[in-house]
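Asker: What follows is a predicted protein model with its sequence.
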Amino acid sequence: MATTNVLNLAKEEELYSLLQDNPEATILIFFSASWSPQCQQMGPLFDELVKKYPTLRFVKVEAEDFEEVAESYEVAAVPAFVFVRKLAIVDRVDGANAPELSRLAEKHARGQGSASTQFPSAQAAATPSNVTATTSAGFKQDLNTRLKELTHRAPVMAFIKGTPAQPRCGFSKTLVGLLSDHGIKFGYFDILTDDDVRQGLKAYSNWPTYPQLYIDGELTGGLDIIKEMIDSGELMETVPASARN
Ligand SMILES: N[C@@H](CCC(=O)N[C@@H](CS)C(=O)NCC(=O)O)C(=O)O
């Protein structure tokens, strides 16, 4: 059995380490449930893909044991297969669609997956002033202006998944809780509502994940950095008085 290439998720952190350690690899995440006949039906195909495509990485997630992970990949039902590259979703198959899963796995194994990646190119990441987005109407807009406006919308701005009342990712939920516990007033933007902002801000600030916290328009950090800054007392020194309760 070729098991080395498959991570059977036991802890959420294992997934994020795998994603962060393998930015160039395409990772196929299979969200399943043991009770679902459709998941059982897709299991043998998933095992076959593991053996057939050693250049891909594979993760199997019991969706009900990892609800926050499933939510953060917008999994509404199982089975769901999400292809991730450079921390962004590049393709997905919802449901027991074996031909489509085989087609996409082959495409990514041949290295064609990057063509459809939603993550801005390395060039865009290196030159944020060139970041542009094409809307469905084919209208090119300077995303930079919009991101600048959004990051300055409040003295403390949190870019999160979901809303403060209903966060849709564990990391965002923890950040919101920490800010509230420390009496910090903040504006927020739900990046799940706008993929241009979600991907564009990563390039703009050269930071690949969410949550992202901005103070006076400057990226202060993701969750780990904010936690450290709270522990050292630095965060409260950085937050302007107008944003403290
Ligand atoms: N250790 C990170 C954790 C954040 C993280 O890994 N976020 C992931 C999953 S929610 C993410 O934003 N991935 C990119 C995306 O979903 O666009 C931190 O300090 O903020």
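Answerer: In hand now; what should we look at? Residues are numbered from 1 along each chain as shown.
Asker: Which parts of this protein belong to which domain?
Answerer: For the chain, automatic domain parsing gives the domain ranges 6-126, 137-243.
Asker: Get me the contact residues on this protein for the ligand.
Answerer: Within the chain, the residues that sit near the ligand (CB under 6 Å from any ligand atom) are 16, 72, 87-88, 161, 169, 171, 198, 209-211, 222-224. To be clear about C-beta, it is placed using only N, CA and C from the backbone, and glycine gets the same treatment.
Asker: which residues in this structure form helices?
Answerer: 12-21, 37-52, 67-72, 98-109, 122-126, 143-151, 170-181, 195-205, 223-232, 234-238 (DSSP state H).
Asker: so which of the ones you listed is the most packed in?
Answerer: Most buried of the helices of the chain by mean neighbour count (mean count of other CB atoms under 10 Å) is helix 195-205; its value is a mean of 21.
Asker: Helix 143-151 and that one, what's the angle between them?
Answerer: Using axes from the mean of the first three to the mean of the last three CA atoms, to 10 degrees, one finds that helix 195-205 and helix 143-151 are set 90 degrees apart in direction.
Asker: Quick one: distance of helix 195-205 to the chain centre.
Answerer: 11 Å (CA atoms, centre = their mean, to the nearest Å).
Asker: counting contacts, what elements does that helix pack onto?
Answerer: helix 122-126, helix 143-151 (3 or more CB pairs under 8 Å, 6 or more residues apart in numbering; DSSP states H and E).
Asker: Out of those, name the one with the poorest average pLDDT.
Answerer: When these are ranked by mean pLDDT, helix 122-126 comes last with a mean of 26.
Asker: which one of the domains of the chain has the lowest average pLDDT?
Answerer: domain 6-126 (a mean of 83).
Asker: So what's the gap between that one and the chain middle?
Answerer: 12 Å.
Asker: Quick one: closest of the helices of the chain to residue 58.
Answerer: helix 37-52 (5.1 Å; CB to CB).
Asker: Please name the nearest non-neighbouring residue to the residue in the chain that the ligand sits nearest to.
Answerer: At 2.8 Å from the ligand, residue 222 is the closest residue in the chain, using CB to the nearest ligand atom. Leaving aside its chain neighbours, residue 222 sits nearest to residue 209 (5.7 Å; criterion: CB to CB, 6 or more residues apart in numbering).
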